[in-house]
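J.: 3D, please:
(chains A and B, ligands or ions: 1)
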Amino acid sequence: MPTCPTCHSKVTEPLKTWSTVEPGKNGKILECVVGIYWCTNCKTKFPYVVGKRDLKLIENRELQELHEKIKMMDKVKQELTKKIDQLEKEKTVVEGNLLLTRLEDRAENLKVEVSLLREVKREIEDMIDYLEHTPSFFKLQGKKP
Amino acid sequence: MYKPLNVVEMESIQSLADMKKELEARIQALEAEKAALLEEIPNLREKLTVLKLERHAQALGNEVSSLKAERSNLEQEIANYTNPQQASFTS
Ligand SMILES: [Zn+2]
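T.: Residues are numbered from 1 along each chain as shown, chains lettered A, B, ... in the order given. Just a heads-up that it's a prediction; the model follows:
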């Protein structure tokens, strides 16, 4: 936002604006948008450069070529977007399968662990059963007359 | 960049989700059984140890009583030889 060079108040609306065009470096053209502002505080009128643009004069054929290039790049962009979309879907499926594989592995490991523990439990129970239901040698000997 | 999924894709995702659910349920059941077994086994081991000790104590008790009987027999025999008159009265 321009400020008044005299009292430094901010001035929002220009009285008028216009463009100036002047030759720049390397065949470029510099376009400046200049505005005339009126400070309501100290009644000063001052110019201010609102914007600058670097322009270039080019042949119609060159412009046409640029348009073609843009069109082609748009097509490439569309194809790439489609490919990315496809890859995203494939990624989702692969990730799902990977998760399933991990879960299957975990289930398999647990199955092995549980079957080992069942085996241990059965062995201990068998021993307890044996001790509880078989009279001891000494007991038998003790009962002898 | 959101695009709606087609029927095949939706079905495949559905079947993946179903399989995942099934596997998770299986894992949960196995985890529960494992936890139960890990709790039961030490208790059973404890019971087995007690039973073994009981057996051992019983065996030792029996051995001690037969040794006591043997000692008493031997003492009786010694008494017979050292006091033959008494022995003849008693026997
Ligand atoms: Zn001013």
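J.: low-confidence stretches in chain A?
T.: A:136-145 (pLDDT under 70).
J.: now for A:Ile128, how many residues are close by?
T.: By other CB atoms under 10 Å in any protein chain shown, 17 other residues sit near A:Ile128. Where C-beta positions appear, they are placed from N, C-alpha and C, glycine not excepted.
J.: does it touch B:Leu44 like I think?
T.: Yes. Taking contacts as CB atoms under 8 Å, A:Ile128 lies within contact range of B:Leu44: 6.7 Å.
J.: for chain A, what spans make up the strands?
T.: For chain A, the strands defined by DSSP state E cover A:14-23, A:28-38, A:45-56.
J.: for the ion, which of those is the nearest?
T.: With CB to the ion as the measure, strand A:45-56 is the member of the strands of chain A nearest the ion (8.1 Å).
J.: nearest residue to A:Lys16 other than its sequence neighbours?
T.: Distances taken as CB to CB, 6 or more residues apart in numbering or on different chains place A:Ile36 nearest to A:Lys16, at 5.5 Å, with adjacent residues excluded.
J.: now do the contacts for that neighbour.
T.: Shown in contact with A:Ile36 (CB atoms under 8 Å, 6 or more residues apart in numbering or on different chains): A:Pro14, A:Leu15, A:Lys16, A:Thr17, A:Lys45, A:Phe46, A:Pro47, A:Tyr48.
J.: give the buried subset of those residues as a PyMOL selection command.
T.: Buried residues among the contacts of A:Ile36 (16 or more other CB atoms under 10 Å in any protein chain shown), as a PyMOL selection:
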select buried, chain A and resi 14+48
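J.: which one of the contacts of A:Ile36 is nearest to chain B?
T.: A:Thr17 (40.7 Å; CB to the nearest CB).
J.: how about that closest one, nearest residue that isn't a chain neighbour?
T.: A:Thr17 sits nearest to A:Gly35 (CB to CB, 6+ apart), 4.2 Å away.
J.: wait, doesn't the one you found sit right on A:Pro2?
T.: Yes. Counting by CB under 8 Å, A:Gly35 touches A:Pro2, with 7.5 Å between them.
J.: overlap in contacts of the two?
T.: Residues touching both A:Gly35 and A:Pro2 (CB under 8 Å, 6+ apart): A:Pro14, A:Tyr48.
J.: on that earlier part again, and among the strands of chain A, the most buried is which?
T.: Most buried of the strands of chain A, by mean neighbour count (mean count of other CB atoms under 10 Å in any protein chain shown): strand A:28-38, with a mean of 15.
J.: tell me the strands beside it, with direction?
T.: Sheet partners assigned to strand A:28-38 using DSSP bridges are listed as strand A:14-23 (antiparallel), strand A:45-56 (antiparallel).
J.: how about those in TSV, adding distance to the ion?
T.: Formatted as TSV, the strands paired with strand A:28-38 follow (distance: least, CB to the ion, whole Å):
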stretch	distance to the ion
strand A:14-23	14
strand A:45-56	8
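J.: columns distance to B:Leu67 on top of those strands, output as CSV?
T.: As requested, these are exported to CSV (distance: least, CB to CB, whole Å):
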stretch, distance to B:Leu67
strand A:14-23, 126
strand A:45-56, 119
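J.: out of these, the one nearest A:Asn97 is which?
T.: strand A:45-56 (53.8 Å; CB to CB).
J.: what about the closest one, distance to the chain center?
T.: Taking CA atoms, centre = their mean, to the nearest Å, one finds the center of strand A:45-56 at 38 Å from the center of the full chain.
J.: what's in contact with that strand?
T.: Residues from elsewhere that reach strand A:45-56 (CB under 8 Å, 6+ apart): A:2, A:4-6, A:14-15, A:17, A:21, A:24, A:27-39.
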